[in-house]
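[1] need coordinates for the below:
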Amino acid sequence: MSNWSNRFASLSLLALVALVALVALVALLAGCQSAPPKAVPAAAPAPETAPPPETAPPPVVAPAPASAPGSATAAAATAAAPAEPPPIPPRASQQYTQALQLMKSGRNADAELEFKALVAGYPQLTGPQLNLGLLYLRDSRLPEAEFAFKAVLQNSPTNAVAGNELGIVERKLGKFAEAEAAYQGTIAADPKYAPAHLNLGVLYDLYLAQPQKALDEFERYLEIAGENKQVAGWVVELRKRAGAATPAKKEST
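    Below you'll find the model as predicted:
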């Protein structure tokens, strides 16, 4: 049987690499379709989320732009080309890059001020708000992190990073039903976002005592992220506890 007390420590170390990459991909205009300005990614908190380094993490797509209610239906019903996103204000791009550099260097208080100024000056942008949430999570300011991630999701409901991080915060706050809902919402928006499946599996296994559901999520994670010895070991253990049969190996043709 695996040493369950070491699970979170290993996940936290493994998550750091992937989440640093995520911050780089969280565009300044996460609420727009244009590419983000090039910036050095900030070091982000290491939640129990990301694929271990034995396999490359799945590609992360910048969050889809927020849309007004009914706009998706209207767009599907017409052949009109989507409107061009507004240009990136040079001042906002420069300020965002500076905030990321401050975040990377560990100057959290200064980075927080910069991100807050961006949120106030450019409320249509979800990237600064998301990074505020990551800062708060890093500093264990969980209620503030919860508020920040929810604010991102209000403007961009399909933002998989925000949904996954919100699930982590809710779990840390002991709100297991809310954490489950956050992960499930993320998966509904992006079924191939592997970290949400991994975190949901951990929640089911260690907090909700639902080994069959945990097994389903870990197996789905492996389907998306590829081979991973650690998670594969958890799957073997969960199959024993859940009484699930081991799938037969496919014969090579």
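[2] what is the least confident helix or strand in the chain?
    Using mean pLDDT, DSSP states H and E, helix 71-77 stands out as the lowest-scoring helix or strand of the chain, at a mean of 34.
[3] packing partners for whatever helix or strand comes next after that helix?
    Of the helices and strands lying after helix 71-77 in sequence (DSSP states H and E), the nearest is helix 90-104. Packed against helix 90-104 by the contact rule (3 or more C-beta pairs under 8 Å, 6 or more residues apart in numbering; DSSP states H and E) you find helix 108-121, helix 127-138. No exception for glycine: its C-beta is placed from N, CA and C like everyone else's.
[4] could you redo these as TSV and give each row distance to residue 202, mean neighbour count and mean pLDDT?
    Formatted as TSV, those follow (distance: least, C-beta to C-beta, whole Å; neighbours: other C-beta atoms under 10 Å; pLDDT from 0 to 100):
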stretch	distance to residue 202	mean neighbour count	mean pLDDT
helix 108-121	27	17	95
helix 127-138	16	26	96
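[5] which pLDDT value belongs to residue 163?
    With respect to pLDDT, residue 163 scores 97.
[6] could you list every residue that touches it?
    Counting by C-beta atoms under 8 Å, 6 or more residues apart in numbering, residue 163 touches 149, 153, 182, 183, 185, 186, 189, 196.
[7] just put these in CSV and tack on secondary structure, neighbour count and distance to residue 135.
    Putting the contacts of residue 163 into CSV (DSSP: H, G, I helix; E, B strand; the rest coil; neighbours: other C-beta atoms under 10 Å; distance: C-beta to C-beta, whole Å) gives the following:
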residue, secondary structure, neighbour count, distance to residue 135
149, helix, 29, 12
153, helix, 23, 17
182, helix, 29, 19
183, helix, 29, 22
185, helix, 19, 23
186, helix, 27, 20
189, helix, 18, 24
196, helix, 29, 21
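[8] so which of those comes closest to residue 123?
    Comparing the contacts of residue 163 against residue 123 with C-beta to C-beta places residue 153 closest, at 14.6 Å.
[9] distance of that closest one relative to residue 186?
    Plainly put, residue 153 is 9 Å away from residue 186 if you go by C-beta to C-beta, to the nearest Å.
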